[in-house]
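**Q** With the input below, show me the fold.
(chains A and B)
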Amino acid sequence: NAGVTQTPKFQVLKTGQSMTLQCAQDMNHEYMSWYRQDPGMGLRLIHYSVGAGITDQGEVPNGYNVSRSTTEDFPLRLLSAAPSQTSVYFCASSTGIQAYEQYFGPGTRLTVT
Amino acid sequence: QQQVKQSPQSLIVQKGGIPIINCAYENTAFDYFPWYQQFPGKGPALLIAIRPDVSEKKEGRFTISFNKSAKQFSLHIMDSQPGDSATYFCAASTGGSYIPTFGRGTSLIVHP
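**A** All right, here's what the predicted structure looks like:
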């Protein structure tokens, strides 16, 4: 099993550009989520999904969109990138039974200039 | 509002020392308390977890102590090694919400 995969690993955007961060998992996990990690701020939840077709907002959803058309994929879209979105983004998945055990991907480091 | 408060933000110890990372919470509905370990350039990974009906849990050199009345829990790393240098996150979750709430993390450096 590859676990949770994320692409790209690094990305540089100009202010106002849009892009999609890809996330996929091959563990048949129901739950998937997106976090951003900033120095001194820990892991902050952006959006999450409890199953295909179901998504909800987390702590810092503004400027991001998600959709979940399949169990495996959970892309994160930046609509109009801003310097404040410079961060490291992690996708995670978990089962419904042991939802506290999040399996994280390797992360995407995004810089917005 | 920070639901899980973690301290210290950074910690430096010598090899063989016992670093201690502390976390406190307010929500008494939390019923599962995991710790995650993150190495530079990697995603966090579950290290050890405890339920509030247990006061202590050990896995290898890692020990969680839990004080339900004080709403505090802590991670102790026995005989710390340079390979333990990482960022550690405490977290808390409830049975009704699968989303764990994370602390802000502690950057641990273990000098040889």
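**Q** going forward, measure contacts and count neighbours with C-alpha atoms only.
**A** Will do.
**Q** what's the longest strand in chain A?
**A** strand A:42-51 (DSSP state E).
**Q** For the very next helix or strand once past that one, which residues meet the burial criterion?
**A** Next along the chain after strand A:42-51, taking DSSP states H and E as the criterion, comes strand A:54-57. Under the neighbour-count criterion of 16 or more other C-alpha atoms under 10 Å in any protein chain shown, strand A:54-57 has A:T55, A:Q57 buried.
**Q** Tell me where the model's unsure across the chain.
**A** Went with chain A since none was named. In the predicted model of chain A, residues A:97-98 satisfy pLDDT under 70.
**Q** oops, chain B please
**A** Within chain B, the segments meeting pLDDT under 70 span B:1-2, B:95-98.
**Q** Return the residues of it in contact with chain A.
**A** B:9, B:32, B:34, B:41-46, B:89, B:93, B:98-100, B:102-105 (C-alpha under 8 Å from any C-alpha of the partner chain).
**Q** what residues does chain A put near chain B?
**A** Within chain A, the residues that sit near chain B (C-alpha under 8 Å from any C-alpha) are A:40-44, A:90, A:96, A:99-107.
**Q** List just the nearest of these to chain B.
**A** Nearest to chain B, judged by C-alpha to the nearest C-alpha, of the residues of chain A next to chain B is A:G42 at 3.8 Å.
**Q** Looks like the closest one contacts B:T101 (just checking).
**A** No - counting by C-alpha atoms under 8 Å, A:G42 does not reach B:T101; the two are 10.1 Å apart.
**Q** Settle it for me: which of the two has more neighbours?
**A** Per other C-alpha atoms under 10 Å in any protein chain shown, whichever of A:G42 and B:T101 has more neighbours is B:T101, with 23 against 20.
**Q** got the buried residues for stretch B:24-32?
**A** B:A24, B:Y25, B:F30, B:Y32.
**Q** what are the ranges of the strands in the chain?
**A** Assuming you mean chain A. Using DSSP E, strands in chain A cover A:4-7, A:10-13, A:19-25, A:31-38, A:42-51, A:54-57, A:64-66, A:76-78, A:87-94, A:103-104, A:108-112.
**Q** you looked at the wrong chain, it should be chain B
**A** Per DSSP E, chain B carries strands over the ranges B:4-7, B:10-14, B:20-25, B:33-38, B:45-50, B:56-59, B:62-67, B:72-77, B:86-94, B:97-102, B:106-111.
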